[in-house]
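Student: quick one, structure for this:
(2 chains)
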Amino acid sequence: GAVVSQHPSWVICKSGTSVKIECRSLDFQATTMFWYRQFPKQSLMLMATSNEGSKATYEQGVEKDKFLINHASLTLSTLTVTSAHPEDSSFYICSASIGGPYNEQFFGPGTRLTVL
Amino acid sequence: AQSVTQLDSHVSVSEGTPVLLRCNYSSSYSPSLFWYVQHPNKGLQLLLKYTSAATLVKGINGFEAEFKKSETSFHLTKPSAHMSDAAEYFCVVRGYGQNFVFGPGTRLSVLP
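Tutor: Numbers count the residues shown, from 1 in each chain, chains lettered A, B, ... in the order given. This is a model prediction of the structure:
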């Protein structure tokens, strides 16, 4: 149980385009989902916390207009990287928690974004 | 405030020998502590977690960790390393009502 999927697993796009990444909880309802970013050989950095039906809470330094997060249902959250640039190339990982943001998090497999 | 220190960025052991990955934490609240493993280009897999029950926690794949409040440590150990253990390991702290804070990670190499 408690499986989280991400789609796509990898994506390559041109600079200036937008990319949408989906995060789904497959066998549970996730009231809270999280989006992390991981640069090569570095740790995970929390970008934002998203609660179903409300606006996401962004961490300091994360541009909310560039990284659009939508959490329209209890099983789906999306991250859209708008007007992507090469410096946005990274590994994006989502996680989901059951019953509230401070419970155990279950992580997706990640999405590798490369912006040319 | 919360923080996590993983004292070694890289640990190299021979197959069949013990593994020790060190983690020290700082938290203003009663913390929950986790160890996750990440294989290349993969997501994170939970190895074990401490949430104020037994201080010695047993996880998957033969790993265990001991919570020592007096030393603010949560070191990860395994008696005998296997080649498949080679990966990146993250120690994570979460104070009550707080978000996850990840350590910088320790890369474990296992030599044949």
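Student: for stretch A:45-64, what is the spacing between the initial and final residues?
Tutor: 15 Å (Cα to Cα, to the nearest Å).
Student: next one: that stretch to chain centre, how far?
Tutor: 9 Å (Cα atoms, centre = their mean, to the nearest Å).
Student: which residues does that stretch contact?
Tutor: A:30-38, A:67, A:69-74, A:77, A:79, A:101, B:99-100, B:102 (Cβ atoms under 8 Å, 6 or more residues apart in numbering or on different chains). Any C-beta I mention is one placed from the backbone N, CA and C, and that applies to glycine too.
Student: which parts of chain B are strands?
Tutor: Secondary structure of chain B (DSSP state E): strands at B:3-5, B:10-14, B:19-21, B:24-26, B:31-38, B:44-50, B:56-58, B:64-68, B:73-78, B:87-95, B:101-102, B:106-111.
Student: tell me what angle the fifth one forms with strand B:73-78.
Tutor: With axes from the mean of the first three to the mean of the last three Cα atoms, to 10 degrees defining the directions, strand B:31-38 sits at 40 degrees from strand B:73-78.
Student: hmm, who's touching strand B:31-38?
Tutor: So strand B:31-38 is contacted by A:107, B:2, B:21, B:23, B:25, B:44-52, B:59, B:63, B:65, B:67, B:74, B:76, B:87-96, B:100, B:105 (Cβ under 8 Å, 6+ apart).
Student: what number of residues lie near the nearest residue to A:L44 once chain neighbours are set aside?
Tutor: Among residues not flanking A:L44 along the chain, A:Y36 sits closest, at 4.2 Å (Cβ to Cβ, 6 or more residues apart in numbering or on different chains). Using other Cβ atoms under 10 Å in any protein chain shown, A:Y36 has 24 neighbouring residues.
Student: in which helix or strand does A:Y36 reside?
Tutor: Using DSSP states H and E, A:Y36 sits in strand A:32-38.
Student: past that strand, which element shows up next along the chain?
Tutor: Next along from strand A:32-38, by DSSP H and E: strand A:44-51.
Student: any idea of the angle that next one forms with strand B:31-38?
Tutor: Using the same axes, to 10 degrees: strand A:44-51 against strand B:31-38 is 110 degrees.
Student: and the closest residue to A:L79 other than its chain neighbours, what element?
Tutor: Spatially, and ignoring its direct neighbours in sequence, A:L79 is nearest to A:I21 (4.7 Å; Cβ to Cβ, 6+ apart). For A:I21, the host element (DSSP H and E) is strand A:19-25.
Student: rewinding a little: could you identify the buried members of the contacts of strand B:31-38?
Tutor: A:107, B:2, B:21, B:23, B:25, B:44, B:46-50, B:59, B:63, B:65, B:67, B:74, B:76, B:87-95, B:100, B:105 (16 or more other Cβ atoms under 10 Å in any protein chain shown).
Student: just the CA coordinates of stretch B:90-102, formatted as PDB?
Tutor: C-alpha atoms of stretch B:90-102 as PDB (Å, rounded to 0.1, in the frame of the first residue of the first chain):
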ATOM      1  CA  PHE B  90      19.400  10.300   3.800                       C
ATOM      2  CA  CYS B  91      18.700  11.000   7.400                       C
ATOM      3  CA  VAL B  92      15.600  13.000   8.000                       C
ATOM      4  CA  VAL B  93      14.300  14.900  11.000                       C
ATOM      5  CA  ARG B  94      10.800  16.100  11.700                       C
ATOM      6  CA  GLY B  95       9.900  18.000  14.800                       C
ATOM      7  CA  TYR B  96       6.300  17.900  16.000                       C
ATOM      8  CA  GLY B  97       4.200  19.900  13.600                       C
ATOM      9  CA  GLN B  98       7.200  20.600  11.400                       C
ATOM     10  CA  ASN B  99       8.100  19.700   7.800                       C
ATOM     11  CA  PHE B 100      10.700  17.100   6.900                       C
ATOM     12  CA  VAL B 101      14.300  18.300   6.900                       C
ATOM     13  CA  PHE B 102      16.700  16.200   4.900                       C
END
